[in-house]
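Novice: Sharing a sequence plus its predicted fold:
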Amino acid sequence: MADKHPRPPGARPIPGPPGHPVVGNLLDLPRGRMVRAMTDLALRYGPMMKINILGGDRYVASGVEMFDDLCDETRFAKFVATPQRTLGGALPTRGLFTSESDDPLWKSAHEVLLPAFSMRAIRGYTPLMIDIADQLMLKWERLNPGEPVDVTADTTRLTLDTIALCGFGYRFNSFYRDSRHPFVEAMMVMLAEGQARLRLPAPVVKARRGARRRFDDSVELMTSTVQGIIDERRDSGEPGDDLLGCMLAGRDKDGARLPDRDIVSQCITFLIAGHETTSGLLAFAIHFLSRRPEVAQQARDEVDAVLGTDPTVPPSDAQLGRLTYLSQILEETLRLWPTAPAFFRRPLEDTTVGGYEFAAGTPIMALSMALHRRPDVWGADAELFDPDRFTPERRAVLPPNAYKPFGTGARACIGRQFALQEAVLVLAMIVQRFDLVADPGYALDVRESMTIKPQGLMITVVPRRGLRPGSARAAPVTAPPRRPSRPRRRARSPSPTGTARRCWCCSGRTWGRPRTSRAASPATAPTAGGPRRWPSSTTGWAISRARAPW
Ligand code: HEM
């Protein structure tokens, strides 16, 4: 297979693993563990590595000096790689995540959506994030002693429900289901197929008719679900002030609105990009907390000092901002396990990357997962989980492009603050309420699709002693819990009586008419009759316990 972007004659050779005839290095990158295998190879073969797949050369950058070049926006732009192309190509339009940077729809959507991700807007989402986090807490509080928790399944329920509620006022009610929501099933098919196509030549992709049909059916289901949400919002006559509201009512700098079919694509993109990554982040962080008692103790000390011991008082934005050690835990988690482990860049013109020559347009993988594990940057103990790497003093002396879990430049993650706010909130509520007990027989295993997540991670949660529910509300408190900056009507859940209900934060004020949500709140969510029984974990204990490479 001829390379579309051949390197200039006499260019400095790039090291890489020796390949096999015809397949090249394909066998070095086993299905299901490509990212980890690539990281191992990158750490062995150097900061710029060449691999060959079925005759085509691919370039993998993982050194800081390479990232310095790739992050230079004047010389490089995002390259939309196969999994993203597969996803984007299936949607009515490309969506923010999967479009080329010169696509006018990207620029328009970026401008329209930016206000929905401002710090002010994100603070407005906090009560909704707490609403969903409360469902997780309630589920874990009601487990029988010793009953295991499937961590990744629960963090996925949580993050999907959070982005759907904050973004579109829609409740998937994942905590009230025994099996995955059909939308989630469809999304998984779509992501897995995108990943599979990364390794397959085009004729093979075409020949897999069953896989193609499943893919198309999944796209159809996702598109129609989202169209239903949009139609319902339009029928309500109120655009709302969430992501969907922004897209329905917002205008770009030229005064143009987003076309309808683009709104569908953007919604699907947000549902995917907004939950997969954050769910993996939380699951990995919980894994580390369950394994590292001294880290867990420091986290508990901080949470107790900032939030206190009354779990009935919801955390305020100001309190969340003071949870610096928890933020360090999350940053360190994203260092070792950046849940979007790589992004792609292409030179705008012929240029060099870390001293290696490349032709314009050549796709180069920026493998953050390997960058984040380089001993020359992170020290000989780079593989060790240590949140103190992100103390303000140590962070200040990190090279500027040594840490890139959220991508770079104009195409960096628009949802970064959203993700961090949600993750710190949920982690704080968990740490405040539970001790996390690891299964000693489990070694970290990872499921790779477009993102990475722990696989088969089961822990036990033990309610903490010494909590004093209601104590802070009974006694006058020096710093009262924060009110939402403005009541967000779409956030309300119907009251048990179907009329007005009391606000959770000030206990006095009542909302007006109940929300016309298509699904119920935790208080009223569907139960299968009789006392509420929580669904058991979806994967149970019969899961692979394969040893992790790290
Ligand atoms: C821990 C959580 C997250 C991580 C690690 C993460 C990581 C990333 C990365 C690396 C990119 C750049 C991809 C590329 O260059 O190809 C990206 C882009 C993006 N992310 Fe995130 N993300 C997270 C959470 C979120 C959330 C919560 C949302 C939405 C609410 C979101 C929405 C997006 C979108 C729309 C883009 C494309 C932006 C553009 O190109 O204009 N992400 N993310």
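Specialist: Nice, thanks for sending it over.

Novice: State the three-state secondary structure for the residue nearest to Q227 when sequence neighbours are not counted.
Specialist: Distances taken as CB to CB, 6 or more residues apart in numbering place V264 nearest to Q227, at 5.9 Å, with adjacent residues excluded. C-betas here are computed from N, CA, C, even on glycine. Following DSSP: H, G, I helix; E, B strand; the rest coil, V264 is assigned to helix.

Novice: do the one 4 residues further on as well
Specialist: Under three-state DSSP, I268 falls in the helix class.

Novice: Report the contact partners of whatever residue of the chain ends up closest to the ligand.
Specialist: At 2.1 Å from the ligand, G415 is the closest residue in the chain, using CB to the nearest ligand atom. Taking CB atoms under 8 Å, 6 or more residues apart in numbering, we find G415 in contact with F117, F270, A273, G274.

Novice: and the third one, how many neighbours?
Specialist: Read that as A273. A273: 23 surrounding residues under other CB atoms under 10 Å.

Novice: From G194, how far out is the closest residue to it other than its chain neighbours?
Specialist: Spatial nearest neighbour of A273, chain neighbours left out: F97 (5.2 Å); criterion: CB to CB, 6+ apart. Going from F97 to G194 by CB to CB, to the nearest Å gives 12 Å.

Novice: Near the ligand, which residues of the protein? Just list them.
Specialist: Residues of the chain lying near the ligand by CB under 6 Å from any ligand atom: 78, 96-97, 110, 163, 269-270, 273-274, 277-278, 281, 338-340, 343, 405-407, 411-415, 418-419.

Novice: One more pass at 5 Å, please.
Specialist: Within the chain, the positions lying close to the ligand (CB under 5 Å from any ligand atom) are 96-97, 273-274, 277-278, 281, 339-340, 343, 405-407, 411, 413-415, 418-419.

Novice: Helices - which of those residues land there?
Specialist: Among these, the members falling in helices (DSSP state H) are L96, F97, A273, T277, T278, L281, F418, A419.

Novice: okay, those in CSV with pLDDT next?
Specialist: Listed next are these as CSV, based on pLDDT from 0 to 100:
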residue, pLDDT
L96, 86
F97, 87
A273, 86
T277, 95
T278, 97
L281, 98
F418, 95
A419, 97
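
Novice: Report the residue spans of the chain with pLDDT below the cut-off.
Specialist: Counting by pLDDT under 70, the chain has low-confidence residues at 1-3, 195, 198-199, 473-550.

Novice: so how far is stretch 184-194 from its chain's centroid?
Specialist: Its chain's C-alpha centre and that of stretch 184-194 lie 15 Å apart, by CA atoms, centre = their mean, to the nearest Å.

Novice: Which parts of it count as buried, going by neighbours?
Specialist: Of all the residues in stretch 184-194, those buried under the rule 16 or more other CB atoms under 10 Å are V184, A186, M187, V189, M190, L191, A192, E193, G194.

Novice: Name all residues that make contact with the spatially closest residue to C267 that is not a sequence neighbour.
Specialist: Among residues not flanking C267 along the chain, V226 sits closest, at 4.5 Å (CB to CB, 6+ apart). By CB under 8 Å, 6+ apart, the residues touching V226 are V264, C267, I268, L271.

Novice: same deal with P17?
Specialist: P17 touches N25, D28, L41, R44, Y45, M49, I51, counting by CB under 8 Å, 6+ apart.

Novice: what's the answer for A249, then?
Specialist: P239 are the contacts of A249 under CB under 8 Å, 6+ apart.

Novice: Let's see that with 10 Å instead.
Specialist: V112, E238, P239, G240, D241, R257, L258 (CB atoms under 10 Å, 6 or more residues apart in numbering).

Novice: Quick check: the fifth one touching P115?
Specialist: The one in question is D241. Yes. Between D241 and P115 a contact is recorded at 9.2 Å, counting by CB atoms under 10 Å.

Novice: which helix in the protein runs the most residues?
Specialist: Longest helix in the chain, counting by DSSP H: helix 209-236.

Novice: tell me which element D376 falls in.
Specialist: Here D376 is covered by helix 375-378, with elements defined by DSSP states H and E.

Novice: okay, now the closest residue in space to R234 that isn't next to it in sequence: neighbour count?
Specialist: In space, and not counting its chain neighbours, R234 is closest to L248: 7.2 Å by CB to CB, 6+ apart. Counted with other CB under 10 Å, residues neighbouring L248 total 19.

Novice: Quick check: buried residues in the helix or strand harbouring L248?
Specialist: Per DSSP H and E, L248 falls inside helix 243-249. Within helix 243-249, the residues scored as buried using 16+ other CB under 10 Å are L243, L244, G245, C246, M247, L248.

Novice: Pretty sure the fifth one sits against L258.
Specialist: Which is M247. Yes. Here M247 lies in contact with L258, judged by CB under 10 Å, at a distance of 5.3 Å.

Novice: shared neighbours of those two, anything?
Specialist: Common neighbours of M247 and L258, using CB under 10 Å, 6+ apart, are A109, V112, L113, Q266.

Novice: who are the neighbours in contact with the first one?
Specialist: Spelled out, that is A109. 93-96, 99, 103, 246-247, 250, 252, 258-259, 262-263, 265-266, 269, 414.

Novice: switch to 8 Å and redo it
Specialist: G95, L96, M247, D252, L258, D262, Q266.

Novice: Between these, identify the one with the most neighbours.
Specialist: So for those (other CB under 10 Å), the most neighbours sit at Q266, 28 neighbours.

Novice: Against which helices or strands is the helix or strand encompassing L425 packed?
Specialist: Per DSSP H and E, L425 falls inside helix 416-433. With contacts taken as 3 or more CB pairs under 8 Å, 6 or more residues apart in numbering; DSSP states H and E, helix 416-433 sits against helix 119-141, helix 151-168, helix 276-291, helix 293-307, helix 317-321, helix 324-336.

Novice: want to try TSV for those, with mean neighbour count as columns?
Specialist: Output for the helices and strands packed on helix 416-433, formatted as TSV (neighbours: other CB atoms under 10 Å):
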stretch	mean neighbour count
helix 119-141	20
helix 151-168	26
helix 276-291	25
helix 293-307	17
helix 317-321	16
helix 324-336	22
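
Novice: okay, those in a markdown table with distance to C71 next?
Specialist: Formatted as a markdown table, the helices and strands packed on helix 416-433 follow (distance: least, CB to CB, whole Å):
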| stretch | distance to C71 |
| --- | --- |
| helix 119-141 | 24 |
| helix 151-168 | 27 |
| helix 276-291 | 20 |
| helix 293-307 | 30 |
| helix 317-321 | 28 |
| helix 324-336 | 17 |
